[in-house]
Each structure stands twice: as C-alpha cells, then as structure tokens.
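Asker: make a model of this:
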Amino acid sequence: MSEQPDVDQVTVRRAPKYPAFMIVGGGIGAIVTFILTALYPVDPLVGFGPTFAYFCLFGVPLGVVIGAVLAIILDRRSTKRSRTASVEVERGE
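Answerer: Numbering: from 1, shown residues only. Here you go, the predicted structure:
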C-alpha cells in the first residue's frame with residue numbers, strides 16, 4: 001500500500017529567548033549601577049562595595065524588567081512577521 005503523507009499548515013517565526021534578554025538586562029543594570037555609584041562621592045564609613053551592593057538591589061532587577069519588556073516587544077513583532085508553511089506528517093502505526 002502506498003499511503004500519502006498528511007500535509008499540515010504550521011506557523012514559522014523567530015521568537016526571542018526570554019532568559020537571555022533578562023540575563024543581559026540584569027548585567028547591563030549592574031554595569032549602569034556601578035557607573036552611577038562611581039560618579040558620586042561615597043560615605044567613608046560605609047565604603048564603595050556595600051554602597052554598590054545596596055544600589056544593585058535596585059539596578060539589577062530594573063535591568064531584568066527592561067530586558068523582559070524588550071523581549072515581549074520583539075516577540076509581538078515576530079508574530080506579525082510569521083510565515084505559514086506546509087509540512088508533511090508521517091504518522092506511525
């Protein structure tokens with residue numbers, strides 16, 4: 001018997017990887033926090049390290065959120081640029 005494979009329609013698109021955007025956003029948030037902490041005078045009783053660590057509590061999560069929002073925006077744009085393709089499906093018995 002010669003069975004013909006089924007043909008299905010699928011949607012193909014390039015979606016961003018959310019964890020990558022969030023990790024890079026957190027890293028950029030830490031770098032920006034470092035630069036902003038270095039620009040201003042530090043209390044000598046506290047020191048630079050603890051001051052930087054304290055402000056990282058705000059800068060890193062903000063960077064993660066900005067990275068996630070950017071990934072969501074790019075994901076929405078990728079749905080508009082999606083293509084439909086035909087694929088042959090072989091069903092096993």
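
Asker: can you pull the buried residues of the lowest-mean-pLDDT helix or strand in the chain?
Answerer: Counting by mean pLDDT, DSSP states H and E, the chain has its least confident helix or strand at strand 6-12, which shows a mean of 81. Of the residues in strand 6-12, none is buried under the neighbour-count criterion (16 or more other Cβ atoms under 10 Å). C-beta: built from backbone N, CA, C; applies to glycine.

Asker: do stretch 42-55 as well
Answerer: Counting neighbours by 16+ other Cβ under 10 Å, one finds that the buried residues in stretch 42-55 are Phe52, Phe55.

Asker: got the contact list for Val89?
Answerer: By Cβ atoms under 8 Å, 6 or more residues apart in numbering, the residues touching Val89 are Pro5, Asp6, Val7, Asp8.

Asker: check Gly25 too.
Answerer: By Cβ under 8 Å, 6+ apart, the contact set of Gly25 is Gly63, Val64, Val65, Ile66, Gly67, Ala68, Leu70.

Asker: buried ones from those, can you make that a ChimeraX selection?
Answerer: Selecting only the buried entries of these in ChimeraX, with 16+ other Cβ under 10 Å as the criterion:
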select :63,64,66,67,70
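
Asker: now the longest helix seen in the chain and strand 6-12, what's the angle there?
Answerer: With secondary structure taken from DSSP state H, the chain has its longest helix at helix 48-80. For helix 48-80 against strand 6-12, the angle between stretch directions is 140 degrees (axes from the mean of the first three to the mean of the last three Cα atoms, to 10 degrees).

Asker: thank you, goodbye.
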